[in-house]
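sequence unknown, structure follows:
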C-alpha cells in the first residue's frame, strides 16, 4: 500500500489543534473518556459542507496559531469560531465549502468571535483508529494523527482519507446555523435527580443568575463563576458522569463537564446540558457571560433530533 | 421523599442512572454485573456505553435509535427480574506482582507510623487481602479496588504529586489501585507493579474490569525488574 498523499503540511501548530471524529464509544467502562468535537454543531456543519458523512474526522483548532500549507487540491470548509483565518493572506470565508490549491497557505491567528474552529476536508483526514476512534484525547494519550493523543506538531503531514469526494465547492450553511458567539447564550439544562438536594434559593439563582466563564476551562470541563450554590448532600460515592453533566463541588461554583471529562465522579449535579448547549459553551471565552435554562427531556430530544436530521448518518 | 431503591434517575438527553444501592459493598457487584449483561442484551444496537460504579450503573444510549422513555421502561423490566450474576467470583483472581519498597512507595512509612505497625506489617496487610474492582475511572484502566484493611487506610496526600510513575501501587482511605500511566495523583504510594494495566494495542485494552477479584503479590526488586518493571525511585515529596 502506498503512503497516502499529503494534503496539508503543518508549518505552525499553535496551542491545540486536534483531529476529532464523533468520539470514542463503548469503552467508558474501562475509564476511557469520550473525546470528539467540543462543538459538535460547527464540526458537523464543516463536514456537511464538504459532503462528508456524520462522524468523519475533522480538525478542531482552539485559539488559533495554526498554519498549514496545502500540498494538493482539495475542497475544504471552516466552521465555528472566527480565528482570524486566512488563505494566502486573504480573509477566509467561514461556513462554506471552497477549493484550495497546492501551495496555498491556510492560517488561523487568534479568537475574533468564538474559541474553536473546525476544518473539514472532502473525504476526511486520515488517522489511525484507536479503540474504535480517531478522536484525540491528550490526557489519555489516545487517538490523533499518530494514535498517541498528541496534538498536531510542526512538521506533521495530514493526508486525506478515502471517503467520498467530488462535491462542488460553494455550498453554504443556512443562516440559522451560523452563530454569533459574542452573544451571551442561554444553555439548555435537563434538571437531574439531585436537584432537590440544592437549597431553594440556590436553585433560583442557578437559573436566574448570570454566570461568567472562568479561565479554568478546557475540553474536560468549564467552570462557571457566580453565586455560591448550596447543596445539602456533600460528596457522594463516585458514579458515571454523562456528557454535559453540571456538577457542583463544595465551593458552590458549577462545572459543566465536556468531552474529555473523567468518566466517574462524586459531586452532586444540577443536571446535564443538552448536546447543543455543550457545543455552544465550548465556544465561550473566559469572562463571557452565560445563563442556564431548564428544559424538559422531551424538548431537548426534539431539538436534538431536529439538529441531527440536517445531517446524513 | 425519595423513592426506594432501585431507582432510575435522569442523566441527560441520552442517559439514565440506575441507582441500585446506598453503600459500597462487595455484595453489590454481582447485581451490577448482572444488570450490565442484561442491558447489553436488551438494548443491543441502541446501547452506547455502560458505566458501572460501586452502587450505580450509568446507561448511555443513542437517542436517535430509541426514545429515552422506552429505555427507561426496559430498565424497569430488567430491574424487576434481576438475578445476581457472580461468574466473576468464580473466575481466577488477577495477580499483580508488586515490589513494595520505600524507594518506589514513599508513603509506606507514613502509613506504618499512622497504623503503629512496621512496614513489613503494612505490606502484609495490603498483600493478604483479596480486593474487588468497584469501578474504573480517573484514567484508562485505573481500577478503584476495595476494601483496604481499616488498620492501613490512609487519607489522600494534602498536595497531590504532579507526576508519578506508571505502575505505582497506592492507597486512599480504604481503596487501593495501581496507576496505569504516568499521571498526577494524590494517593499514598506503597510500591510498584510491572503489570501493564492499559494497552491500546492489546485485546480488551484494560487488564482489570469492574467485578474482577485482585491480589497484590509481593516480589523482590530483582523479580520486579525481570518482569519488565522500571525501578527508578519515586520522589518522596510531592
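All right, it came through fine. Note that this is a predicted model, so its numbers are computed, not measured.

show me the contacts for residue 69.
Unless you meant another one, I'm taking chain A. Contact analysis of residue A:69 by CB atoms under 8 Å, 6 or more residues apart in numbering or on different chains lists A:8-9, A:11, A:103-106. Using the backbone N, CA and C atoms, a C-beta is placed for each residue, glycine as well.

near chain B, which residues of the stretch 51-200 of chain A?
A:130-131, A:139-142, A:147, A:190-193 (CB under 8 Å from any CB of the partner chain).

Can you spell out the domain ranges of chain B, please?
With domains defined by automatic domain parsing, chain B comprises B:7-87, B:91-226.

In TSV, list those along with mean neighbour count.
What follows is the domains of chain B, written out as TSV (neighbours: other CB atoms under 10 Å in any protein chain shown):
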stretch	mean neighbour count
domain B:7-87	19
domain B:91-226	19
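
Could you dump those domains into JSON lines with mean pLDDT and distance to chain A added?
Formatted as JSON lines, those follow (pLDDT from 0 to 100; distance: least, CB to the nearest CB, whole Å):
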{"stretch": "domain B:7-87", "mean pLDDT": "95", "distance to chain A": "3"}
{"stretch": "domain B:91-226", "mean pLDDT": "96", "distance to chain A": "4"}
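
Save those as a markdown table, and put in distance to residue A:47 too.
Formatted as a markdown table, these follow (distance: least, CB to CB, whole Å):
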| stretch | distance to residue A:47 |
| --- | --- |
| domain B:7-87 | 17 |
| domain B:91-226 | 25 |
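
Of those, which is nearest residue A:163?
domain B:7-87 (21.1 Å; CB to CB).

start to end distance for that closest one?
End-to-end distance of domain B:7-87: 25 Å, with CA to CA, to the nearest Å as the criterion.

All the helices of chain A, residue numbers only.
Using DSSP state H, the helices of chain A run over A:40-49, A:200-208, A:275-281, A:297-308.

winner for burial among those?
Most buried of the helices of chain A by mean neighbour count (mean count of other CB atoms under 10 Å in any protein chain shown) is helix A:40-49; its value is a mean of 27.

quick one: that helix to chain centroid distance?
Its chain's C-alpha centre and that of helix A:40-49 lie 10 Å apart, by CA atoms, centre = their mean, to the nearest Å.

Determine the angle, from 0 to 180 degrees, between it and helix A:297-308.
30 degrees (axes from the mean of the first three to the mean of the last three CA atoms, to 10 degrees).

So which residues make contact with helix A:40-49?
With CB under 8 Å, 6+ apart as the criterion, helix A:40-49 contacts A:20, A:22, A:37, A:53-54, A:56, A:58, A:60, A:77-81, A:95-97, A:116-120, A:124, A:171-173, A:177, A:179, A:275-276, A:278-280, A:283, A:307, A:310-312.

List the ones among these that fall in strands.
Cross-referencing the contacts of helix A:40-49 against strands under DSSP state E gives A:20, A:58, A:60, A:77-81, A:97, A:116-120.

Let me have those residues in a markdown table, adding pLDDT and neighbour count as columns.
Below are those laid out as a markdown table (pLDDT from 0 to 100; neighbours: other CB atoms under 10 Å in any protein chain shown):
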| residue | pLDDT | neighbour count |
| --- | --- | --- |
| A:20 | 98 | 28 |
| A:58 | 98 | 29 |
| A:60 | 98 | 27 |
| A:77 | 97 | 28 |
| A:78 | 98 | 29 |
| A:79 | 98 | 27 |
| A:80 | 98 | 30 |
| A:81 | 98 | 28 |
| A:97 | 95 | 23 |
| A:116 | 98 | 26 |
| A:117 | 98 | 30 |
| A:118 | 98 | 26 |
| A:119 | 98 | 27 |
| A:120 | 97 | 28 |
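
quick one on the thing from earlier: pull out the buried residues from the contacts of residue A:69.
A:8, A:104, A:106 (16 or more other CB atoms under 10 Å in any protein chain shown).

which of the residues you listed lies closest to chain B?
residue A:8 (25.5 Å; CB to the nearest CB).

contacting residues for the closest one?
By CB under 8 Å, 6+ apart, residue A:8 lies in contact with A:68-71, A:106, A:157-158.

Run through the bridge partners of residue A:293.
Legend: beta-bridge partners of residue A:293 under DSSP bridges are residue A:188.

From the opening residue of stretch B:133-148 to its closing one, how far?
Stretch B:133-148 has an end-to-end distance of 12 Å (CA to CA).

Then stretch B:6-23?
Note: stretch B:6-23 ends 13 Å apart using CA to CA.

in chain B, which spans are helices?
So, for chain B - with DSSP H - the helices run B:29-43, B:68-80, B:87-90, B:108-115, B:119-127, B:221-226.

Between the two ends of stretch B:12-26, how far is it?
OK, stretch B:12-26 end separation, CA to CA: 29 Å.

Centroid-nearest residue for chain A?
Residue closest to the average C-alpha location in chain A (CA atoms, centre = their mean): residue A:38, at 1.5 Å.

right, and that residue touches residue A:60 too?
Yes. Assessed by CB atoms under 8 Å, residue A:38 is found in contact with residue A:60 at 6.7 Å.

For the two, list the residues in contact with both.
Common contact partners of residue A:38 and residue A:60 (CB under 8 Å, 6+ apart): residue A:116.

now chain A, which segments are flagged as low pLDDT?
Judged by pLDDT under 70, chain A has its weakly predicted residues at A:1-3, A:164-167, A:313.

switch the cut-off to 90
By pLDDT under 90, the low-scoring segments of chain A are A:1-5, A:162-171, A:193-194, A:232-236, A:266, A:312-313.

what residues go with each domain of it?
In terms of domains, chain A is parsed into A:6-177, A:186-308 (source: automatic domain parsing).

and those domains as JSON lines, adding distance to residue B:45?
Below are these laid out as JSON lines (distance: least, CB to CB, whole Å):
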{"stretch": "domain A:6-177", "distance to residue B:45": "12"}
{"stretch": "domain A:186-308", "distance to residue B:45": "16"}
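
so which of the ones you listed gets nearest residue B:180?
Taking the domains of chain A one by one with CB to CB, domain A:6-177 is closest: 8.3 Å.

can you tell me the distance between the two ends of that closest one?
31 Å.

and it, how far out from the chain's middle?
So, by CA atoms, centre = their mean, the centroid of domain A:6-177 is 11 Å from its chain's centroid.

swap in stretch B:158-176?
13 Å.

now stretch A:248-260
Worked out by CA atoms, centre = their mean, stretch A:248-260 lies 18 Å from the chain centre.

in chain B, which spans are strands?
B:7-10, B:15-19, B:47-53, B:56-61, B:94-100, B:131-136, B:143-146, B:161-164, B:168-172, B:175-178, B:183-185, B:188-192, B:213-218.

Could you dump the ones you listed into CSV and include distance to residue B:34?
Compiled in CSV, the strands of chain B are given as follows (distance: least, CB to CB, whole Å):
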stretch, distance to residue B:34
strand B:7-10, 16
strand B:15-19, 12
strand B:47-53, 11
strand B:56-61, 10
strand B:94-100, 20
strand B:131-136, 15
strand B:143-146, 20
strand B:161-164, 36
strand B:168-172, 28
strand B:175-178, 23
strand B:183-185, 32
strand B:188-192, 33
strand B:213-218, 17
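
Among those, which comes closest to residue A:216?
strand B:183-185 (15.3 Å).

Can you tell me which helices and strands that closest one packs against?
strand B:161-164 (3 or more CB pairs under 8 Å, 6 or more residues apart in numbering or on different chains; DSSP states H and E).

hey, what's the closest residue to residue A:157 other than its chain neighbours bridged with?
The shortest distance from residue A:157 to any non-neighbouring residue, by CB to CB, 6 or more residues apart in numbering or on different chains, is to residue A:6 (4.3 Å). With DSSP bridges as the criterion, residue A:6 is bridged to residue A:159.

Contacts only, for residue A:6.
A:71-72, A:157-159.

ok now do the closest residue to chain B within the stretch 51-200 of chain A, which residues does it touch?
Across the stretch 51-200 of chain A, the shortest distance to chain B (CB to the nearest CB) belongs to residue A:193, at 3.4 Å. For residue A:193, the contact set (CB under 8 Å, 6+ apart) comprises B:7, B:9-11, B:17, B:19.
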